[in-house]
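Colleague: Pasting a predicted model and its sequence here:
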Amino acid sequence: MSITAARESKSSRVRTAPRRQRLVVTEPGWMRLLLIGVAVSVVGLLLVVPLAAVFYKAFSLGTGVYWRAISDRETIAAVALTVKTAAIAVPASTLFGLCAAWALGKFQFSGKSLLTTLIDLPFSVSPVIAGLIFVLLLGKNSWLGGQLEAAGIKVIFATPGIVLATMFVVAPLVARELIPLMQSQGNDEEEAALVLGASGWQTFWRVTLPNIKWGLLYGVILCNARAMGEFGAVAVVSGRIRGQTNTLPLHVECLYGGSPESVVGAFAVASLLALLGLVTLAAKRLLEWKAGQTAV
Amino acid sequence: MSIEVCHITKTFGRFVALRDVSLTVDTGELVALLGPSGSGKTTLLRVIAGLEQPDPGSGPIRFHDEDVANCPVADRRVGFVFQHYGLFRHMTVRENVAFGLRVRPRRLRPARAEIRQRVTALLRLVQLDFLADRYPHQLSGGQRQRVALARALALEPRILLLDEPFGALDAKVRQELRAWLRRLHDELCVTTVFVTHDQEEALELADRVVIMNEGRIEQIGSPDEVFHCPRTEFVMDFIGQVNRFHGRLENGKLYFATLAVDAPQWTDMPPRTASVFIRPHQLEVELARNGQPALPATVEHIHSAGVRVRLDLVADCGQRLYAELSHERFGQLGLSKGSRVFLSPRDVKVFPAPSTSP
């Protein structure tokens, strides 16, 4: 494996040689082999093998069991809830990302760096803590939760809580994609549009959005993958009522604790999530290629 | 359409970009805003366009007697060409030029066919009709520049503003575009203001030059005036090459370096220091003293690849000097590196220090 990889890297080096500056510092051959070997084995052991194992285990009792597991009423309910959550959290996070990136990329204001730092907060806080924050804030015993309950709105251990926790976790993803992009593009084109008589809205739709569309789509895809796969934060606020407040990742864990057939079912459901991951990866690759093609 | 800005001040945080600037540009004039970077020239241009709001307390901005200070940028009907062109990178050349017409409200928007026609006419005007379907990144710098200009002209602006229009181009293209822009301006007769830090560009292209420094206007005048009759030390130093000396005025005589020359117009003034400037072409180069006051100097370097020969010299008093002479005169003198020469100034510009410092 490492030898073919080495040969591949050599041929790709030859291909890109005319474009790239010749490397002055060249590691000796054994060093290159070692580095490539380490990278390939880590990726293989930690990523490829487990992924293959998920599919292997999911089909280990035959396609019948697999099919039964994923067409189960509770699984379908979990899929529905997951899709619903993503359908709310992803657009919300996209909107937030656009606003934040616009504000940070195009304006100068005091507290700018503080805002940039705060946007990353969900990355640095453990998702479980994030879930707990919402339980403390909106749970039965809190003041706000009490008010909401009096109004007949149940947040914790219900869909709104799951959506909120997911939104918290995915909030930075689109913003993080867009901020550097918008910063690097500057204001020139927007100013040109304004001088040419375009309104703010026209400027956004005809100038800003087309310029960031690939970055935006990329962010949305990552955001969607994270929203559907989130476990920790959602686990705390959902209450895990089978068929009601179980999202796909939670459902996998529920099934895993059951009978041998149920364990296989867990892998079957997990294979759905793994598939989502692979599709996301492919879409990401495609977008990078597309963006690379249209870039200057 | 004339432009009048009165007592404009603009600050960014603690930085003062414009200090009480007033300027009038007549209809059909081509005016250059010239100054070093940070002198406020681009800010002034952006204030005229409406891309920057002057500080409160600033005076009006008038386009042909109409106060536009509170008029948003979109309604000012100015054509603006950005330093880096600001072309829409995801649109073709044709779409770029058509943008301003397409975003108009429906009742003011020309019909699709008419837009097409006008864009084609504009692209022909800037000699780019054969590139209509290219994207900006497929064009050269000079071509992008002309697309930006065509886009600005599409709205038939009353005023054309250009920010460092040739800044990002190489010397040859710059020269060509300069002549082309002058012809275009004469043809369209649109009031034009452009910003540049290149004095040659300003002096060659503009009807009038506005020289700015540290947010103030130092001098406004024709290229001839600012070159030959600089009103301030800064203008003298900034325009063209100069030799600068620290001198002293006393009893109608000017002392600088090792020279003393008569300065009868300053006779009645109490003694004071002064800045003394001599242009390189105003230094007469001789091989021997000819009775005139002269500075002995040694030739250090000769630049003869040009219309005129330039000499780098070191005077005996230690000061570095530049002199310029024709190839013919240079041949007569037979100078080489290390030659001893005598430099006698033909014309000296003196700026006495304001206070009577001894």
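Modeller: Received the coordinates, thanks.
Colleague: And stretch B:237-249, how far out from the chain middle?
Modeller: 19 Å (C-alpha atoms, centre = their mean, to the nearest Å).
Colleague: Find the residue ranges of the chain scoring beneath the pLDDT cut-off.
Modeller: Defaulting to chain A. A:1-25, A:294-296 (pLDDT under 70).
Colleague: try again with chain B
Modeller: The model of chain B has pLDDT under 70 over residues B:355-358.
Colleague: Spell out which residues of chain A are next to chain B.
Modeller: Applying C-beta under 8 Å from any C-beta of the partner chain, we find that chain A lies next to chain B at A:188-189, A:191-199, A:202, A:206-207, A:210-211, A:294, A:296. The C-beta positions use only the backbone N, C-alpha and C, and glycine is treated the same way.
Colleague: same thing but at 6 Å, please
Modeller: A:188-189, A:191-192, A:194-198, A:202, A:207, A:210, A:296 (C-beta under 6 Å from any C-beta of the partner chain).
Colleague: Starting from the helix or strand harbouring residue B:17, tell me which strands it pairs with and how they run.
Modeller: Assessed by DSSP states H and E, residue B:17 sits inside strand B:15-25. Paired neighbours of strand B:15-25 in the sheet (DSSP bridges): strand B:3-12 (antiparallel).
Colleague: Identify all contacting residues around the strand it pairs with.
Modeller: Strand B:3-12 is contacted from outside by B:17-18, B:20-25, B:43, B:47, B:54-55, B:58-62, using C-beta atoms under 6 Å, 6 or more residues apart in numbering or on different chains.
Colleague: hang on, the earlier thing: and the next helix or strand after the strand holding residue B:17 with strand B:3-12, angle?
Modeller: On the C-terminal side of strand B:15-25, the nearest following helix or strand under DSSP H and E is strand B:30-34. Interaxial angle, strand B:30-34 versus strand B:3-12 (axes from the mean of the first three to the mean of the last three C-alpha atoms, to 10 degrees): 20 degrees.
Colleague: then the next helix or strand after strand B:30-34 to CSV, C-alphas only?
Modeller: Toward the C-terminus, strand B:30-34 is succeeded by helix B:41-49 as the next helix or strand (DSSP H and E). In CSV, the C-alpha atoms belonging to helix B:41-49 read as follows (Å, rounded to 0.1, in the frame of the first residue of the first chain):
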residue,chain,number,x,y,z
LYS,B,41,-7.0,62.5,-2.4
THR,B,42,-8.9,59.2,-2.6
THR,B,43,-11.1,60.2,0.4
LEU,B,44,-12.0,63.5,-1.4
LEU,B,45,-13.0,61.5,-4.5
ARG,B,46,-15.1,59.1,-2.5
VAL,B,47,-16.8,62.0,-0.7
ILE,B,48,-17.7,63.5,-4.0
ALA,B,49,-19.1,60.2,-5.1
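Colleague: Sheet partners, orientation included, of the helix or strand following helix B:41-49?
Modeller: For helix B:41-49, the following helix or strand on the C-terminal side (DSSP H and E) is strand B:61-63. Paired strands of strand B:61-63, with direction, are strand B:3-12 (antiparallel), strand B:66-67 (antiparallel) (DSSP bridges).
Colleague: which one of these is the most hemmed in?
Modeller: Burial of these is given as mean neighbour count (mean count of other C-beta atoms under 10 Å in any protein chain shown); strand B:3-12 ranks first at a mean of 18.
Colleague: what angle separates it from helix B:41-49?
Modeller: Using the same axes, to 10 degrees: strand B:3-12 against helix B:41-49 is 120 degrees.
Colleague: for strand B:3-12, the distance to its chain's centre please.
Modeller: How far strand B:3-12 lies from its chain's middle: 19 Å, per C-alpha atoms, centre = their mean.
Colleague: picking up where we left off before, could I get the strands paired with strand B:61-63 as a markdown table with distance to residue B:328?
Modeller: Formatted as a markdown table, the strands paired with strand B:61-63 follow (distance: least, C-beta to C-beta, whole Å):
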| stretch | distance to residue B:328 |
| --- | --- |
| strand B:3-12 | 46 |
| strand B:66-67 | 57 |
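Colleague: Residue A:44: which of the ones you listed is closest?
Modeller: Closest to residue A:44 of these is strand B:3-12 (C-beta to C-beta; 55.2 Å).
Colleague: Could you export the closest one as PDB, CA atoms only?
Modeller: Once non-C-alpha atoms are left out, strand B:3-12 reads as follows in PDB (Å, rounded to 0.1, in the frame of the first residue of the first chain):
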ATOM      1  CA  ILE B   3     -18.700  70.200  -8.800                       C
ATOM      2  CA  GLU B   4     -18.300  72.300  -5.800                       C
ATOM      3  CA  VAL B   5     -17.200  71.000  -2.400                       C
ATOM      4  CA  CYS B   6     -17.000  73.400   0.500                       C
ATOM      5  CA  HIS B   7     -15.200  73.100   3.800                       C
ATOM      6  CA  ILE B   8     -15.100  69.300   3.900                       C
ATOM      7  CA  THR B   9     -13.600  67.600   6.900                       C
ATOM      8  CA  LYS B  10     -13.400  63.800   7.200                       C
ATOM      9  CA  THR B  11     -11.900  61.800  10.000                       C
ATOM     10  CA  PHE B  12     -11.500  58.000  10.400                       C
END
